[in-house]
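Asker: Test case, fold it:
(one chain, ligands or ions: 1)
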Amino acid sequence: MRIDVLTLFPEMFVGVFGASILGKARDKGIVSLNTVNFRDFANNKHNTVDDMPYGGGGGMVLKAEPIFGAAEHVVAEHSASGTSDKPPRIILMCPQGEPLTQRKAQELSAESHLIFVCGHYEGYDERIREFLVTDELSIGDYVLTGGELPAMVVIDTVVRLLPGVLGNEQSAVTDSFSDGLLEYPHYTRPAEFRGWKVPDALLSGHHAEIEKWRRRQSLQRTLERRPELLEVAELTAEERRWLEENKIK
Ligand SMILES: NC(=O)c1ccc(N[C@@H]2CC[C@@H](O)C2)nc1
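Answerer: Reported below is the predicted structural model:
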């Protein structure tokens, strides 16, 4: 997978793209992570990336030309590499965007080329949304100073799903939300810490029992914290019955 981030602050990505899981995924060649400063594509008279809003009002608006130029540059570069098999998803990070979910991350992890547009100031010229962008995403209902942190969040949750990125020490399969439920509790040695014991079910060595206990814990935790997820989760008839009994408590 190729990922390009269009940003005015490429230096923000050096640490995130170089460290830990993302750094290893890059070194393994599973993903190529690039930043492009769209100021380099502000080829207008004053080399500006923003300007005052038509219609007046406060704040500045990001001009379309530099962002179109930067996006077209990375698309051309990727298609020239001969490895591009389908057009990229061009993702605008903004509070008005579709809420990011694990399901969206799974969808994006199947793509071959992602381009993120990170803005600043008051916002983006609408022609970027209308004629360039394929997706608008939000990581939550709050406003940040820029689209960089949201782009890092999306990249992190997408790249960890790529085959070969997570070793045995972690597994995307039993993530919270991957089966539509919240994750079960985890324990490690010692079996007793300050008098607090690991549940017997996990010490039994019976894998079927352990899986049953874990699934039950996921259901319980989801019921307590995020009951709305149960409406869309895939549950067995027996699990639905158990939930009905426990909802009453
Ligand atoms: N919730 C989010 O994902 C989010 C995304 C972007 C953002 N801020 C940038 C800078 C100014 C505006 O154009 C967009 N804030 C919040």
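
Asker: I'd like the distance between the residue minimising distance to the centre of the chain and the ligand.
Answerer: Geometric centre of the chain, nearest residue: Val154, 2.4 Å, by Cα atoms, centre = their mean. Distance, Val154 to the ligand, using Cβ to the nearest ligand atom, to the nearest Å: 9 Å. (Glycine included, C-beta is placed from N, CA and C.)

Asker: List the buried residues for the longest helix anywhere in the chain?
Answerer: Longest helix in the chain, counting residues (DSSP state H): helix 207-225. Buried positions in helix 207-225, judged by neighbour count with 16 or more other Cβ atoms under 10 Å: Ile210, Trp213, Arg214, Arg215, Gln217, Ser218, Leu219, Gln220, Arg221, Thr222, Leu223.

Asker: Also stretch 12-30?
Answerer: Met12, Phe13, Val16, Phe17, Leu22, Ala25, Arg26.

Asker: Could you do stretch 47-62 as well?
Answerer: Neighbour counts using 16+ other Cβ under 10 Å place Val49, Asp50, Val61, Leu62 of stretch 47-62 among the buried residues.

Asker: now, which of those residues lie within strands?
Answerer: Counting by DSSP state E, these place Asp50, Val61, Leu62 in strands.

Asker: Quick check: bridge partners of the first one?
Answerer: Which is Asp50. Leu62 (DSSP bridges).

Asker: where does it land on pLDDT?
Answerer: As predicted, Asp50 sits at a pLDDT of 95.

Asker: Contact partners for it?
Answerer: Taking Cβ atoms under 8 Å, 6 or more residues apart in numbering, we find Asp50 in contact with Met60, Val61, Leu62, Lys63, His120, Tyr121.

Asker: again, but for Phe13
Answerer: Going by Cβ under 8 Å, 6+ apart, Phe13 touches Val5, Thr7, Leu33, Thr35, Glu148, Met152.

Asker: Out of those, give me the one that has the most neighbours.
Answerer: Greatest neighbour count in the contacts of Phe13, by other Cβ atoms under 10 Å, goes to Val5: 29 neighbours.

Asker: residues from the chain in reach of the ligand?
Answerer: By Cβ under 6 Å from any ligand atom, the part of the chain that sits against the ligand consists of 93-95, 119-120, 123-124, 138-140, 142-144, 146-147, 150.

Asker: Quick check: which ranges of this structure have low pLDDT?
Answerer: Within the chain, the segments meeting pLDDT under 70 span 168-170, 172-175, 248-249.

Asker: can you give me the helices for it?
Answerer: Under DSSP H, the chain gives helices at 13-18, 20-27, 64-80, 102-108, 126-131, 148-159, 200-203, 207-225, 237-248.

Asker: send the alpha carbons of the fourth one over as PDB?
Answerer: Output for helix 102-108, consisting of C-alpha atoms alone and laid out as PDB, is shown next (Å, rounded to 0.1, in the frame of the first residue of the first chain):
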ATOM      1  CA  GLN A 102     -13.100  -0.100  12.600                       C
ATOM      2  CA  ARG A 103     -15.300  -1.100   9.700                       C
ATOM      3  CA  LYS A 104     -14.100   1.900   7.700                       C
ATOM      4  CA  ALA A 105     -10.500   1.100   8.600                       C
ATOM      5  CA  GLN A 106     -11.000  -2.400   7.300                       C
ATOM      6  CA  GLU A 107     -12.500  -1.000   4.100                       C
ATOM      7  CA  LEU A 108      -9.500   1.300   3.600                       C
END
